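Q: Need the 3D shape of this:
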Amino acid sequence: MLSDLYQRPGFLLRRTHQISAAVFETACAEVGLTPAQYGVLTVLAAEPGLDQTRLARALAFDKVTVMRVLKGLEERQLVARERSAVSRRQMTVRLTPQGLEVLEAAREPAERAYQRLLSPLSPTQRRQLIELLQTLTEGLADEARAPFVPLKKEAAEPPARPTPPRRPA
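A: Predicted coordinates for the structure are as follows:
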């Protein structure tokens, strides 16, 4: 019975995520970033002045998560939020000079973490793993609680509608 549980994809994906976060946080301890914070800084470096909604969608975060991550980064003065010039109801976010410095300092440790996480796999297995994870996430995207709208595609596509709430099983 336990062997069934331990071989379930959901269990293995959750456990892999735990390990991935630990490997990243260990590698990036010197800069004090979590994977979520690194993701936010990376997206903002690519798209300065992004509004919070598009930022959340670009990382597949829900509103609560993006607000929590932004609050921590803002307290460290790594990002700054301000009212959007387009809509007073929206906030835009940008990296501060300190945020850019921290992101630059984190790039090499983040790459080390990526390599460490995949180190048990051969190059072929690495490609297969990424392909399989992409197939899973794309094939089940409508089940996600938070929409994922990559920034590169968003400019060419109409804004994504929020994912409807999941119905109880």
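Q: what's the distance between the residue nearest the centre of the chain and residue 88?
A: Centroid-nearest residue in the chain, with CA atoms, centre = their mean: residue 59, separated by 4.2 Å. As judged by CB to CB, to the nearest Å, residue 59 and residue 88 stand 24 Å apart. The way it works is simple: take the backbone N, C-alpha and C, and place the C-beta from them, glycine included.
Q: Give me the buried stretch members for stretch 50-65, please.
A: 50, 51, 52, 54, 55, 56, 57, 58, 59, 60, 61 (16 or more other CB atoms under 10 Å).
Q: which two in those residues are spaced the farthest apart?
A: In the buried residues of stretch 50-65, two members sit farther apart than any others by CB to CB. They are 51 and 60, at 16.1 Å.
Q: what sits against residue 47?
A: Each residue near residue 47 by CB atoms under 8 Å, 6 or more residues apart in numbering is listed here: 54, 58, 151.
Q: Over to residue 78?
A: Counting by CB under 8 Å, 6+ apart, residue 78 touches 37, 41, 95, 96, 98, 99, 102.
Q: What is the end-to-end distance of stretch 137-149?
A: Start-to-end span of stretch 137-149 (CA to CA, to the nearest Å) is 12 Å.
Q: What segments of the protein are strands?
A: For the chain, the strands defined by DSSP state E cover 50-51, 79-83, 91-95.
Q: before we move on, back to that, among the contacts of residue 47, which has the minimum pLDDT value?
A: Here the lowest pLDDT out of the contacts of residue 47 sits on residue 151, with 90.
Q: Now for residue 27, how many residues are close by?
A: Residues lying near residue 27 (other CB atoms under 10 Å) number 21.
Q: Excluding residues flanking it in the chain, which one is nearest it?
A: Of all residues not flanking residue 27 in the chain, residue 113 sits nearest, at 3.8 Å (CB to CB, 6 or more residues apart in numbering).
Q: ok, now how distant is the one you found from residue 48?
A: 25 Å.
Q: Compare the two and say which is more crowded by neighbours.
A: Neighbour count, other CB under 10 Å: between residue 113 and residue 48, residue 113 has more, with 22 against 12.
Q: Run through the residues that contact that one.
A: Residue 113 makes contact with 23, 24, 26, 27, 28, according to CB under 8 Å, 6+ apart.
Q: again with residue 37
A: Residue 37 sits next to 69, 72, 73, 78 when contact means CB under 8 Å, 6+ apart.
Q: same question, residue 45
A: By CB under 8 Å, 6+ apart, the neighbours of residue 45 are 95, 100, 103.
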